[in-house]
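Asker: Sequence and predicted structure, then a few things I'm wondering about:
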Amino acid sequence: MPVPLDARDLQTLHIVEISAAFTLLFGAAALLFPGAADNFFRRIELSLSRFAERKHLAVIVLFLSVIVLRLLALPLLHLPVPGIHDEFSYLLMADTFAHGRLANAPHPMWISFETFHVNWFPKYASMYPPAQGFVLALGQIVGHPWIGVLLSDAAMCAAILWMLQGWLPARWAFLGGVLAALKLGIASYWMNSYWGGAAAAIGAALVLGALPRIAKRARIGDVVFLGFGIAILANSRPYEGFLFCIPAAVWFVWWLVGKSKPPMPLRVRIGQVLLPLAAMLLLTAAFMGYYNWRLTGNALLLPHVLNTHTYHTTGLFLWDHKKAETHYANQQFEEFYNGWERNNYNNTWPDVVRVSEEKLVRYGLTYFWVGEFLALPAIPFLFRKRKTRLLLITFLLVTAGVFAVIWSNAHYAAPLTCVVFALAVQAIRYMRNMRIGARSTGVAFARAIVLVLILDTGISVARGICDPLLWPCEGDPSRVAIADKLAHTPGKHLIMVRYEKDNHNIHDEWVYNGAEIDNAKVLWAREVDAEQNAKLVAYFKDRKIWLVTPDSDNTYLEPYTSPDSPRANSDE
């Protein structure tokens, strides 16, 4: 039975239809009138090519341009409102780091504050790797966590340009950086949520950008970039980052043993490259071990793994089978972990097909645009050039890795970002050289590919569309409005969240807090059972206690009355 499309699915489909229409229009124009506006485009391309030769300046300008363009779009694309479980977990991490800590002490009333993707023992902390948390913490210290998102996304585009400069001629590298900025730097959930993949994409770009530079010059600065990139990958997307680094490591060992031409002196390879890189990798391992120890009590136990052992009974990979159900302290966890999560995948071939299709849609809408279909004739040429083999092998290996996992979100494949745009630019280069007889149709098609992306981005901004997928960046502003209202009300406040038993969306969670629970102006707590509720009210007797009911009215706020109290029963 087909699954009905909801309003957001239909809007996404409409976006794709518009992009497809422009692609057909520009493709037909390129085929019929390949020389149209040729002088106009040549003047622009010549100016940009000259500018691209100033490589350092190009990187800086692209970084600043992403920031300026996104700020100019604020009237249409407002500051993102968190809505996904993961976003709140990252924001907790950011708040923890901003307070000068790696983790927080468990709270005696933790059962009332228990929420998704957060560990409570041995420490109260996010389960995620720390890279995104450091980005958000930087933003919070400056003024708002989204500032960290803005800076990291702009830095990602700049890092991709820097990486491409090591692989391609300057003008083509600049094109790749601009394409990344247009696709991921304005109307993408990577920019418009607290959940994107910019950190991992930066790490991957540093790794691949450093390799050709080390092969040419073996400068210590490039080795630092390589080591820093590996460290970022290990602390952002460790699984996908590990897969990403395998081809790079093979290439590096091949170069280290002197197989590249011309080979560098052994003392240079050892003294200026291997030893500094080994030192950075040891420091990275030491930091990760210390971080794990502070959060889990075990240097080898990742917070994510601890959370999996504590809450999850489903597998990670397609071949994993479910464990026995676990009992949880609240109904919402029962519905999420024993209900929705276990029903999502049942180790059948139809399930494999369904989750794979889901990945294709999510990854496709995030990394690609419909206009790229015009470059399909150039795809076979990508396999002919020796220089692109490392990129292709990396792409295939990481893609296989992410498709082997049950769960899918586009930023899981974030390490591939620089590879995707490198291959896209190479395809456009090959496309540009194609001709039909004496007609330069390839040039027109290459221009059409870029124009479709420019129009896609412009239309999304004009319509206030934060991402083609829509759901990753559309949080409910009601929770924020209630928190802001109480933040400006004298005293401290505790908000009890009461969900309906039979009408609750398990993805619409309101119980999230920062690092400072006892000192927070506004706290959110889950209504559990009568005994725990009474303990919570007694513990926070100095606070004004309120009730919200998101499932029936997500804007209404009233003084809290226990459902077991005589007054509540009389109201019924």
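Answerer: Ah, there it is.
Asker: Quick check: which helices or strands does the strand or helix carrying Ala201 pack against?
Answerer: Element membership of Ala201 [criterion: DSSP states H and E] is helix 198-216. Judged by 3 or more Cβ pairs under 8 Å, 6 or more residues apart in numbering; DSSP states H and E, the packing partners of helix 198-216 are helix 131-142, helix 145-165, helix 220-234, helix 238-256, helix 389-403, helix 417-432. Placement of C-beta: from N, CA and C, glycine included.
Asker: at 7 Å instead, please
Answerer: With contacts taken as 3 or more Cβ pairs under 7 Å, 6 or more residues apart in numbering; DSSP states H and E, helix 198-216 sits against helix 131-142, helix 145-165, helix 220-234, helix 238-256, helix 417-432.
Asker: possible to save those as TSV with mean neighbour count, mean pLDDT and distance to Val398?
Answerer: Below are those laid out as TSV (neighbours: other Cβ atoms under 10 Å; pLDDT from 0 to 100; distance: least, Cβ to Cβ, whole Å):
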stretch	mean neighbour count	mean pLDDT	distance to Val398
helix 131-142	22	98	17
helix 145-165	25	98	15
helix 220-234	21	97	11
helix 238-256	18	96	5
helix 417-432	24	96	8
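Asker: quick one, which of those helices is nearest to Glu558?
Answerer: Of all the helices and strands packed on helix 198-216, it is helix 145-165 that lies closest to Glu558, at 30.0 Å by Cβ to Cβ.
Asker: Now the helix or strand just after that closest one: average pLDDT?
Answerer: Counting by DSSP H and E, the next helix or strand C-terminal to helix 145-165 is helix 170-184. Computed over helix 170-184, the mean pLDDT rounds to 98.
Asker: cool, stretch 552-566 as well?
Answerer: 84.
Asker: How far does stretch 519-538 stretch from one end to the other?
Answerer: Stretch 519-538 stretches 16 Å from its first residue to its last (Cα to Cα, to the nearest Å).
Asker: no no, stretch 500-515
Answerer: Stretch 500-515 has an end-to-end distance of 28 Å (Cα to Cα).
Asker: before we move on, what about stretch 102-109?
Answerer: With Cα to Cα as the measure, the first residue of stretch 102-109 is 21 Å from its last.
Asker: Return the set of buried residues in that stretch.
Answerer: Using 16 or more other Cβ atoms under 10 Å as the test for burial, stretch 102-109 gives Leu102, Ala103, Asn104, Pro106, His107, Met109.
Asker: if we can go back for a sec, who's in contact with the helix holding Ala201?
Answerer: Applying Cβ atoms under 7 Å, 6 or more residues apart in numbering, the external contacts of helix 198-216 come out as 131-132, 135, 152-153, 155-156, 159-160, 162-163, 166-167, 190, 222-223, 225-226, 228-230, 232-233, 236-237, 241, 244-245, 248, 251-252, 255, 260, 273, 414-415, 417-418.
Asker: now the angle from that helix to helix 220-234?
Answerer: 150 degrees (axes from the mean of the first three to the mean of the last three Cα atoms, to 10 degrees).
Asker: Pull the distance from helix 198-216 to the chain's centre.
Answerer: Remark: helix 198-216 is offset 18 Å from the chain centroid, using Cα atoms, centre = their mean, to the nearest Å.
Asker: buried stuff in the host helix or strand of Leu283?
Answerer: Following DSSP H and E, one finds Leu283 within helix 275-296. Using 16+ other Cβ under 10 Å as the test for burial, helix 275-296 gives Leu277, Met280, Thr284, Met288, Tyr291, Asn292, Arg294, Leu295, Thr296.
Asker: same question, stretch 349-363
Answerer: Those would be Val355, Lys359, Val361, Arg362, Tyr363, for stretch 349-363 by 16+ other Cβ under 10 Å.
Asker: again, but for stretch 373-389
Answerer: Neighbour counts over stretch 373-389 (16+ other Cβ under 10 Å) mark Leu374, Ala375, Ala378, Phe381, Leu382, Thr388 as buried.
Asker: does Ala515 count as helix, strand or coil?
Answerer: Assigned with DSSP: H, G, I helix; E, B strand; the rest coil, Ala515 falls in the coil class.
Asker: any idea how far it lies from Leu243?
Answerer: Going from Ala515 to Leu243 by Cβ to Cβ, to the nearest Å gives 33 Å.
Asker: Under the pLDDT cut-off, which ranges of this protein? List them.
Answerer: 1-10, 564-572 (pLDDT under 70).
Asker: which residues touch the helix holding Leu283?
Answerer: Residues outside helix 275-296 that contact it (Cβ under 7 Å, 6+ apart) are 102-103, 119, 122-123, 125, 130, 220, 223, 226-227, 230-231, 234-235, 298-303, 306.
Asker: Put the alpha carbons of stretch 306-319 into CSV.
Answerer: What follows is stretch 306-319, C-alpha atoms only, in CSV (Å, rounded to 0.1, in the frame of the first residue of the first chain):
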residue,chain,number,x,y,z
LEU,A,306,27.1,4.1,26.2
ASN,A,307,23.8,5.7,25.1
THR,A,308,23.2,2.8,22.7
HIS,A,309,23.7,0.2,25.4
THR,A,310,21.5,2.2,27.8
TYR,A,311,18.5,2.9,25.6
HIS,A,312,18.5,1.2,22.2
THR,A,313,17.5,-2.3,21.4
THR,A,314,17.8,-2.1,17.6
GLY,A,315,20.9,-2.6,15.5
LEU,A,316,23.0,-0.1,13.6
PHE,A,317,23.8,-2.1,10.4
LEU,A,318,21.4,-3.7,8.0
TRP,A,319,22.4,-7.2,9.1
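Asker: now what about that stretch, what contacts it?
Answerer: Applying Cβ under 7 Å, 6+ apart, the external contacts of stretch 306-319 come out as 117, 119, 127, 296, 321-326, 337, 341-342, 345, 352, 404-406.
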